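Student: here is my input; please provide its structure:
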Amino acid sequence: MKQINSKKMFLIFSHQLTDSQKQDACLNLNISEFIYLPDNLQRKWSDISPYEETLALFLQDLLEWLKLNAKKDDYVLVQGDFGAVFLVVDFCFKNELVPVYSTTKRQIVNEHIIGRDVQVSRMFSHVRFRKYERWYRNDC
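Tutor: Down below sits the predicted model:
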């Protein structure tokens with residue numbers, strides 16, 4: 001009998017997973033457990049000040065929590081502030097975790113002309129999880 005090697009997915013983003021994201025993660029990444037950030041770290045991740053000059057120290061407790069709880073080859077869904085995402089993804093590579101993000105398809109749901117203004121509503125649908133990659137070519 002083939003042994004299934006199930007993984008955890010640590011969720012470092014500011015939303016809740018949709019049903020389609022959960023289904024995709026279970027089916028295609030073999031995720032058996034989703035781990036949200038503790039409340040204090042979730043509030044911190046969801047409210048990164050644009051006035052912070054650097055983020056390494058700011059994110060230290062989050063990265064310590066991740067190091068304490070994740071193990072090699074666990075997945076980490078990372079989305080948010082660009083600089084913070086870069087630091088967490090770099091941390092994941094250095095600690096043999098698999099950083100991913102959700103790709104989406106955008107659809108215009110409604111478009112209304114209100115006087116001289118146009119109001120547009122968009123809906124984003126999950127397509128798949130994609131691994132963050134490192135640049136590996138030497139010719140650039």
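
Student: in this protein, which spans are helices?
Tutor: Along the chain, the segments classed as helices by DSSP state H run 19-29, 39-46, 60-69, 82-94.

Student: how about residues contacting the last one?
Tutor: Contact with helix 82-94 is made by 12, 45, 48, 55-56, 58-59, 62-63, 66-67, 76, 78-79, 97-99, 132, 134, as judged by C-beta atoms under 8 Å, 6 or more residues apart in numbering. Any C-beta I mention is one placed from the backbone N, CA and C, and that applies to glycine too.

Student: flag every buried residue along that helix.
Tutor: 84-85, 87-89, 91-92 (16 or more other C-beta atoms under 10 Å).

Student: V127: which of those residues is nearest?
Tutor: For V127, the nearest member of these is V85. The distance, counting by C-beta to C-beta, is 18.8 Å.

Student: ok, of the buried residues of helix 82-94, which one's closest to S20?
Tutor: Among those, V85 lies closest to S20 (C-beta to C-beta), at 21.9 Å.

Student: how much space between the residue nearest the centre of the chain and E33?
Tutor: Computing the C-alpha centroid of the chain and ranking residues by C-alpha atoms, centre = their mean puts V78 first, at 2.3 Å. Applying C-beta to C-beta, to the nearest Å, one obtains 17 Å for the distance of V78 from E33.

Student: quick one: low-confidence ranges for the chain?
Tutor: Flagging of the chain using pLDDT under 70 yields the residue ranges 1-4, 140.

Student: residues in a beta bridge with the residue lying closest to S102 once chain neighbours are set aside, which ones?
Tutor: Spatial nearest neighbour of S102, excluding adjacent residues (C-beta to C-beta, 6 or more residues apart in numbering): H126 at 5.4 Å. With DSSP bridges as the criterion, the beta-bridge partners of H126 are T104.

Student: wait, isn't H126 in contact with T18?
Tutor: Yes. Using C-beta atoms under 8 Å, H126 makes contact with T18 at a distance of 5.8 Å.

Student: neighbour count for these two, which is higher?
Tutor: When H126 and T18 are compared on other C-beta atoms under 10 Å, the one with more neighbours turns out to be H126, at 18 against 13.
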